[in-house]
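Student: Have a look at this prediction, sequence included:
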Amino acid sequence: MHSLPISKKLRISDPAKKDLVLVGEYTRREWGAAQKRKYLGQIKGTFKALRDTPGLGAPRDDINKGLCAHPVRKHVIFYRETKNELVIVRVLHESMDPKRHLIAFQD
């Protein structure tokens, strides 16, 4: 009998938590509370997909070794994977320069 793989722990860095607050505030201001809930739900659903599907995102070693990225609508989720954990590093708008916002990141 095969057992299902155990999901990695999902950890959201403090900068990513701040990113989500800003995304939520902007979305609510521009499109209302219902759209805010829907969009943040899509982003958080992508976190779970990344956690449960190793290698789903694209490597971004050009920014920082071991960093990966995956788009979700108008944002890009930057993250790192270890054997037991998926760390959400940042959630940046697609128009933002990731090198500028991620170069100093240490987890």
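Tutor: Received it, and whenever you're ready, just let me know what you need. Numbering: from 1, shown residues only.
Student: Which residue is the nearest non-sequential neighbour of A49?
Tutor: The shortest distance from A49 to any non-neighbouring residue, by Cβ to Cβ, 6 or more residues apart in numbering, is to L56 (6.4 Å). Placement of C-beta: from N, CA and C, glycine included.
Student: Mind jotting down where the helices sit in the protein?
Tutor: 14-31, 33-52, 98-102 (DSSP state H).
Student: so what strands line up beside the longest strand seen in the chain?
Tutor: When the chain is parsed with DSSP state E, its longest strand is strand 85-93. Sheet pairing for strand 85-93, assigned by DSSP bridges, gives strand 9-12 (parallel), strand 75-81 (antiparallel).
Student: Report the angle between that strand and helix 14-31.
Tutor: 40 degrees (axes from the mean of the first three to the mean of the last three Cα atoms, to 10 degrees).
Student: Out of the strands paired with strand 85-93, flag the one nearest C68.
Tutor: strand 75-81 (5.6 Å; Cβ to Cβ).
Student: Ignoring the adjacent residues along the chain, who's closest to the residue nearest the centre of the chain?
Tutor: Closest to where the C-alpha atoms of the chain average out (Cα atoms, centre = their mean) is I77, at 3.1 Å. With sequence-adjacent residues excluded and distances taken as Cβ to Cβ, 6+ apart, I77 is closest to H70, at 5.1 Å.
Student: For that neighbour, give me its contacts.
Tutor: T46, L50, L56, G57, A58, V76, I77, Y79 (Cβ atoms under 8 Å, 6 or more residues apart in numbering).
Student: Of those, which is the nearest to L40?
Tutor: Nearest member of these to L40, counting by Cβ to Cβ, is T46, at 10.7 Å.
Student: how about the closest one, what does it touch?
Tutor: H70, V72, I77.
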